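**Student:** Would you be able to build a 3D model of this:
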Amino acid sequence: MSICVHTVTCVITANAHTQIKPNNVITEKAANAMDNSIENAAPESVPHSMTRLTIARRLTESKQQVPHFYVKGACRIDALLALRKQINEGAEVKASVNDLIVRAVALALREVPDANVSWGEKAMLRHQQVDVAVAVATPRGLITPIVRNVEQKQPAEIASEIRALAERARSGKLKPNEYQGGTVTVSNLGMFGVEEFSAIINPPQSMIFAIGAGVEHAIACNGQLEVGTLMNVTVSVDHRAVDGVVAAQVFAAFKRLIEQPESLSAA
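**Tutor:** The predicted structure follows:
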């Protein structure tokens, strides 16, 4: 006796030669063939690289051992976009929005030095300079090369360093001192259309800035509606090292620097 199944709404199979349309009849033989096809489509086993294993270990340790809390808000970036256009006119090295964001993060931490710290088991480490790690996707996984003394550098210099570091990161030529340490990380997924996300802290750092895409919105300004570009930012913070008020002060300083960006291009 042949067993039949009627009124199939939708069937998806890994066997491209088996085509089932809605409301068709599936015989027992066809059903068994589909089952065998699915069972034979085993996933490919890809061995972990040392980089991927290191990433997995460090991120797991961070989420398990570091008490994260989050500060988030939106920054209007119209003035920042105008500044970028201005400083790039005739410039040999063009600064990206992310390069200006990296500088804003550094200046905000310089303004709020209680946030430029790392947790130690016996003592708090207060950093005398701001070294910003920038998340870079590579074929081997995510890596965060570091731009040192960012608060002392102009956007063009920051842009040049980030490009050189990113190129070496993608080709696997970074030296350990170029990605170890740092005082804060910037992770930007805005170029992929991601509007908001939260990132995992990169120990021994105490903060990571997660940058979303700039999106146009209707904004109320002085009783009138106007179109403005808003960028969502989420700061993940190590609560052992940084209190909520200090994190809020850093975010407020960063927001001001982004929305009133003249100092980002000042010496």
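**Student:** which ones are touching R76?
**Tutor:** Going by Cβ atoms under 8 Å, 6 or more residues apart in numbering, R76 touches 219, 228-231, 258-259. Just so you know, the C-beta spots here come from the backbone N, C-alpha and C atoms, and that holds for glycine as well.
**Student:** try 6 Å this time
**Tutor:** 228, 230, 259 (Cβ atoms under 6 Å, 6 or more residues apart in numbering).
**Student:** Make a PyMOL selection of whichever of those turn out to be buried.
**Tutor:** Selecting only the buried entries of the contacts of R76 in PyMOL, with 16 or more other Cβ atoms under 10 Å as the criterion:
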select buried, resi 228+230
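**Student:** Among the contacts of R76, which ones are in strands?
**Tutor:** The strands, defined by DSSP state E, take in 228, 230 from the contacts of R76.
**Student:** Go through stretch 230-243 and flag the buried ones.
**Tutor:** Buried residues in stretch 230-243, counted by 16+ other Cβ under 10 Å: 230-238, 241-242.
**Student:** let me redo that: stretch 185-192
**Tutor:** Neighbour count says stretch 185-192 has 185-190 buried, by 16+ other Cβ under 10 Å.
**Student:** What lies in contact with that stretch?
**Tutor:** By Cβ under 6 Å, 6+ apart, stretch 185-192 touches 98, 102, 105, 133-135, 144, 199, 202, 205, 208-213.
**Student:** Distance from that stretch to the middle of the chain?
**Tutor:** Offset of stretch 185-192 from its chain centre (Cα atoms, centre = their mean, to the nearest Å): 4 Å.
**Student:** before we move on, the earlier item: could you dump the buried residues of stretch 230-243 into JSON lines with secondary structure added?
**Tutor:** Putting the buried residues of stretch 230-243 into JSON lines (DSSP: H, G, I helix; E, B strand; the rest coil) gives the following:
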{"residue": "L230", "secondary structure": "strand"}
{"residue": "M231", "secondary structure": "strand"}
{"residue": "N232", "secondary structure": "strand"}
{"residue": "V233", "secondary structure": "strand"}
{"residue": "T234", "secondary structure": "strand"}
{"residue": "V235", "secondary structure": "strand"}
{"residue": "S236", "secondary structure": "strand"}
{"residue": "V237", "secondary structure": "strand"}
{"residue": "D238", "secondary structure": "strand"}
{"residue": "A241", "secondary structure": "coil"}
{"residue": "V242", "secondary structure": "coil"}
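**Student:** Just flag the most distant two among the residues you listed.
**Tutor:** Taking Cβ to Cβ, the two most distant members of the buried residues of stretch 230-243 are L230 and A241; they sit 29.3 Å apart.
**Student:** which parts of stretch 117-126 are buried?
**Tutor:** Going by neighbour count (16+ other Cβ under 10 Å), the buried part of stretch 117-126 is 117-119.
**Student:** lowest-pLDDT helix or strand in the chain?
**Tutor:** Here the helix or strand of the chain ranked lowest by mean pLDDT, DSSP states H and E is strand 4-5, holding a mean of 45.
**Student:** For the residue nearest the centre of the chain, name its beta-bridge partners.
**Tutor:** Centroid-nearest residue in the chain, with Cα atoms, centre = their mean: S187, separated by 3.0 Å. Following DSSP bridges, S187 is listed with bridge partners A210.
**Student:** Check the gap between it and I201 for me.
**Tutor:** Look at S187 and I201: by Cβ to Cβ, to the nearest Å, they are 11 Å apart.
**Student:** now stretch 47-55, how far from the chain's geometric center?
**Tutor:** Per Cα atoms, centre = their mean, the centroid offset for stretch 47-55 relative to its chain is 19 Å.
**Student:** what does the average pLDDT come to for it?
**Tutor:** Mean pLDDT, stretch 47-55: 89.
**Student:** which two from the contacts of stretch 185-192 end up farthest apart in space?
**Tutor:** Q205 and A213 (23.9 Å).
**Student:** Of these two, which one has the most company?
**Tutor:** Using other Cβ atoms under 10 Å as the criterion, Q205 and A213 rank with Q205 on top: 26 against 17.
**Student:** Would you list the phi and psi of that one?
**Tutor:** phi -70, psi 160 (degrees, to the nearest 10).
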